[in-house]
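Trainee: This is a predicted model, with the sequence first.
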Amino acid sequence: MAVTQAPASINKSEGAVTLQVADRIARVTLSHPGRLNAITVDMWRQLATVFRQVAAQPQVRCVVVRGEGGNFAAGADIREFPHYRNNKANVVAYHTEILAPALQAVAQCPHPVIAVIQGVCVGGGLEIASQCDLRIAARSARFGVPINRLGFPMAPDEMRGLLALAGPAVTLELLLEGRVFNADEAFQKGLLTRVVDDDALEEHASALARRLARGAPLAAHINKETVRRLMASSAPLDAAEIDHCFRYAESRDHQEGVRAFLAGQAPEFTGE
Amino acid sequence: MAVTQAPASINKSEGAVTLQVADRIARVTLSHPGRLNAITVDMWRQLATVFRQVAAQPQVRCVVVRGEGGNFAAGADIREFPHYRNNKANVVAYHTEILAPALQAVAQCPHPVIAVIQGVCVGGGLEIASQCDLRIAARSARFGVPINRLGFPMAPDEMRGLLALAGPAVTLELLLEGRVFNADEAFQKGLLTRVVDDDALEEHASALARRLARGAPLAAHINKETVRRLMASSAPLDAAEIDHCFRYAESRDHQEGVRAFLAGQAPEFTGE
Amino acid sequence: MAVTQAPASINKSEGAVTLQVADRIARVTLSHPGRLNAITVDMWRQLATVFRQVAAQPQVRCVVVRGEGGNFAAGADIREFPHYRNNKANVVAYHTEILAPALQAVAQCPHPVIAVIQGVCVGGGLEIASQCDLRIAARSARFGVPINRLGFPMAPDEMRGLLALAGPAVTLELLLEGRVFNADEAFQKGLLTRVVDDDALEEHASALARRLARGAPLAAHINKETVRRLMASSAPLDAAEIDHCFRYAESRDHQEGVRAFLAGQAPEFTGE
């Protein structure tokens, strides 16, 4: 592209992705005040870093991703495009070296990941949400990929999550039509796990996170791995894969779960 | 696991899977009285045997799977776990040599298979239902995979059916959240073909079975084979596969179907 | 098959598929008056030809497929079967050399394709609609694959579109049960993008076509290519594929889209 001058307001250091861990729940927050959490290059990089950090913390049992100030995220920050996407090599690098690794870090998080969505969840915001395991949204939230007026397609590594979540017809509908729609329609399209009234979002999201955090962590990790494996290939698992899938068999938590069930008690999982 | 003593109540011979064939319809019944048809090792083995028997009976036109006494099945019988799943080798064997072959026998049944569901349909019960071709449920039926409190994940071969039916997002929601939900929600998640009022289940299920039984059997077999082939691989069919797909072309039933249509008559298929 | 005489009324030249291009929108019409647009061999061939012509017209931004006279299409014209499908070699040729290339021509159209559906949309009609990108239907339209009474299965290349659109469970339900159902049910099964009241169909379809036609054409082409590529294989894209995916990067339309967005203006795409 021949755009030679970035808008004066651009500031590469704007926006942040923060991480807080408490009570075994990790909270990842997309924050870009005044910009509907539009995701800057720095934020994409921080998102990858934060998810790699969380992956390495065995005490974490659930990750909650949300946006600050009433919106999830308005997508990639287009004000940066004239700077970061100003020729083909840069466009390729932006998508394959900045966005793709961030989305992959979310997808490969071993812990269960919940997207808690209010306000705007479009473009890159929806791409992030699509890589989470569960998506709970306030009824007033809004969704879409209004990219058809920007003159460019969705990059392959960004499309994978949307395609796995909602299938080819919904993916093409979103991309070709470029419409923004409400949470009930997003739910109907398979983009959401659950829609709740706006004033019930906090309570539902907290209860969901606590519920997921009570599950046996190794079982959750293996469930996520197995879904990824089976989605990637219909080939039978080889011996090493089977061995890996059943590595929980002699774990303390497995024993505790069966014991507690047979005793009519609530299990206590320690991650061992 | 270090559980060394099985509960006193365990009896390996409990429960049965029975088969009755009449009027070209095979009826497979999961039966474990007083235990919500919880599926024992013997029952898994009988399920495999029964479906292999049915597969070899060309006069069968439709298979109906249901549970006895108002429930479909409460899942694998956990009271057997301390006996059959007491170390890693046994856990692997339980899932890959007992459950997987039973589910595969259902999946590979050449005849159309209907699950008729009332009451509880969870865990292994839902795994069986997922391998059927159509699932009709009473509105009061209940569904889920409440496995996250048992400390173990769903085994890969058990997950395949659920994943093919409902996709990765619903699969992970069920496994990570471990919630039990009603038939309307199961329908919305893509787990069911149809939900009917409780008192209409028998009539709807019978009409559905009779309708499927009237179809041309070879066409049904090939439709099921083709779906499995296309789901397993996106590669083009080779010459032998194409030949196999079109083996109906000079059959008596194919001729009869076209003839009857053009004559404005109801066809009579003989399976020839 | 041993059917040796075609019905007297057969006329191989019956029916036509026509193409009109105006205002960058291509209109493809299935027309077989008095026969609910039942699709003859000639029409399948014309459908392939028309879509290959449209693919080669860079000024086209959107293709609208519909049937003439209040119906989409009643499926392949069965009156031709005794002539064209009278032995195995002919049956194979009919499906692999006549129908499959026509459906593939629709699937591979680079431009966005909308099916506008009223009346009957069954069998081959639904196969065509399944290969379009978006499907908008009048509420009174009717859908299904009532093939189980015809004594033959759906051919593999015809099943692919239905399977990609609605998944294995819906595909088998349609084929095994052979029921015809209404637009609301078709929507619930994932077969439709949108259902509107009958008297609103024209307005909605026109607005949708104009909206798609305003999008950047190269972006739409690449979105469609990427969906096809990712559906065909989960392998990572190689360098040549990545290069091809990002070939838009220095296009005039990409620059215009970003420029217009940052300027708060509506973009004007030229296809360059």
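Mentor: The structure has been received and is ready for your questions.
Trainee: what's the spacing between residue A:188 and residue A:177?
Mentor: Distance of residue A:188 to residue A:177, given as CB to CB, to the nearest Å: 15 Å. All C-beta atoms are positioned from the backbone trio N, CA, C, and that covers glycine.
Trainee: between the two, which one's more packed in?
Mentor: residue A:177 (23 against 15; other CB atoms under 10 Å in any protein chain shown).
Trainee: residues in the stretch 101-250 of chain A within reach of chain C, list them.
Mentor: Counting by CB under 8 Å from any CB of the partner chain, the stretch 101-250 of chain A comes close to chain C at A:147-156, A:159-160, A:163, A:167-169, A:171-173, A:175-179, A:231-233.
Trainee: those strands in the stretch 51-200 of chain A, which residues are they?
Mentor: A:62-67, A:113-117, A:120-122, A:134-138, A:142-144, A:180-182, A:194-196 (DSSP state E, counting those that start in this stretch).
Trainee: Which one of these lies nearest to residue C:80?
Mentor: strand A:180-182 (42.9 Å; CB to CB).
Trainee: Quick one: mean pLDDT for the closest one?
Mentor: For strand A:180-182, the mean per-residue pLDDT is 98.
Trainee: again, but for stretch A:163-172
Mentor: On average, stretch A:163-172 scores 98.
Trainee: residue contacts, residue A:176?
Mentor: Remark: with contacts taken as CB atoms under 8 Å, 6 or more residues apart in numbering or on different chains, residue A:176 is in contact with A:148, C:112, C:133, C:134, C:212, C:215, C:220, C:223.
Trainee: quick one: which of those sit in helices?
Mentor: When DSSP state H defines the helices, the subset of these inside them is C:212, C:220, C:223.
Trainee: Let's see the pLDDT reported for the last one.
Mentor: Which is residue C:223. 98.
Trainee: residue contacts, the residue lying closest to residue A:127 once chain neighbours are set aside?
Mentor: Take residue A:127 and drop its neighbours on the chain: the residue closest to it by CB to CB, 6 or more residues apart in numbering or on different chains is residue A:158, 4.9 Å away. Shown in contact with residue A:158 (CB under 8 Å, 6+ apart): A:95, A:99, A:100, A:103, A:124, A:127.
Trainee: pretty sure the second one contacts residue A:76?
Mentor: It refers to residue A:99. Yes. Between residue A:99 and residue A:76 there is a contact under CB atoms under 8 Å: 7.1 Å.
Trainee: Between these two, which contacts overlap?
Mentor: Common contacts of residue A:99 and residue A:76, defined by CB under 8 Å, 6+ apart, comprise A:44, A:124.
Trainee: who has more neighbours, the two?
Mentor: Ranked by neighbour count (other CB under 10 Å), residue A:99 and residue A:76 place residue A:76 first, with 27 against 22.
Trainee: Look up how far residue B:184 lies from that one.
Mentor: 38 Å.
Trainee: try residue A:227
Mentor: In terms of CB to CB, residue A:227 sits 25 Å off from residue B:184.
Trainee: neighbour-wise, which of the two wins?
Mentor: A direct count of neighbours by other CB under 10 Å for residue A:227 and residue B:184 places residue A:227 higher, at 24 against 13.
Trainee: Can I take it that that one is in a strand?
Mentor: No. Counting by DSSP: H, G, I helix; E, B strand; the rest coil, residue A:227 is not found in a strand; it is helix.
Trainee: So the nearest residue in space to it that is not next to it in sequence versus residue A:51, what's the distance?
Mentor: In this structure, residue A:227 finds its nearest non-sequential neighbour in residue B:168, 5.0 Å apart by CB to CB, 6+ apart. Separation of residue B:168 from residue A:51 (CB to CB) stands at 19 Å.
Trainee: the more surrounded of those two?
Mentor: residue A:51 (28 against 19).
Trainee: just checking, the more buried one touches residue A:106?
Mentor: Yes. Applying CB under 8 Å, one finds residue A:51 in contact with residue A:106, separated by 5.4 Å.
Trainee: wait, which of the strands of the stretch 51-200 of chain A is closest to chain B?
Mentor: Closest to chain B of these, according to CB to the nearest CB: strand A:134-138, at 5.7 Å.
Trainee: Give me the sheet partners of the closest one and which way each runs.
Mentor: strand A:113-117 (parallel), strand A:194-196 (parallel) (DSSP bridges).
Trainee: Strand A:62-67 and that one, what's the angle between them?
Mentor: Between the axes of strand A:134-138 and strand A:62-67, defined by axes from the mean of the first three to the mean of the last three CA atoms, to 10 degrees, the angle is 40 degrees.
Trainee: ok now strand A:134-138, how far from the chain's centre?
Mentor: Between the centre of strand A:134-138 and the centre of its chain there are 11 Å (CA atoms, centre = their mean, to the nearest Å).
Trainee: what's in contact with that strand?
Mentor: A:112-119, A:121, A:129, A:183, A:186-187, A:191-198, A:201, A:204-205, A:208, A:212, B:169, B:172-173, B:176-177.
Trainee: change it to 6 Å
Mentor: A:114-118, A:129, A:183, A:192-195, A:198, A:201, A:205, B:173 (CB atoms under 6 Å, 6 or more residues apart in numbering or on different chains).
Trainee: Spatially nearest residue to the residue in chain A positioned nearest to chain B, not counting backbone neighbours?
Mentor: Nearest to chain B in chain A, going by CB to the nearest CB, is residue A:257, at a distance of 2.6 Å. Setting aside the residues directly before and after it, residue A:257 is nearest to residue B:151 in space (CB to CB, 6+ apart), at 2.6 Å.
Trainee: Quick one, which of the residues of the stretch 101-250 of chain A next to chain C are buried?
Mentor: Burial by neighbour count, judged by 16 or more other CB atoms under 10 Å in any protein chain shown, picks out A:147-156, A:159-160, A:163, A:167-169, A:171-173, A:175-178 from those.
Trainee: where's residue A:122 relative to chain C, distance?
Mentor: Separation of residue A:122 from chain C (CB to the nearest CB, to the nearest Å): 13 Å.
Trainee: Look at that residue and say how many residues are nearby.
Mentor: Around residue A:122 there are 27 residues (other CB under 10 Å).
Trainee: Look up the pLDDT of it for me, please.
Mentor: 98.
Trainee: and what of residue A:8?
Mentor: 41.
Trainee: sorry, back to before: pick out whichever of the contacts of strand A:134-138 sits closest to residue A:245.
Mentor: residue B:173 (20.1 Å).
Trainee: Please report the distance of that closest one from residue C:268.
Mentor: Per CB to CB, residue B:173 is found 43 Å from residue C:268.
Trainee: Can you tell me, leaving aside adjacent residues, what's nearest to residue A:172?
Mentor: Going by CB to CB, 6+ apart, residue A:172 has residue C:133 as its nearest residue, at 4.8 Å.
Trainee: No further queries at this time; thank you.
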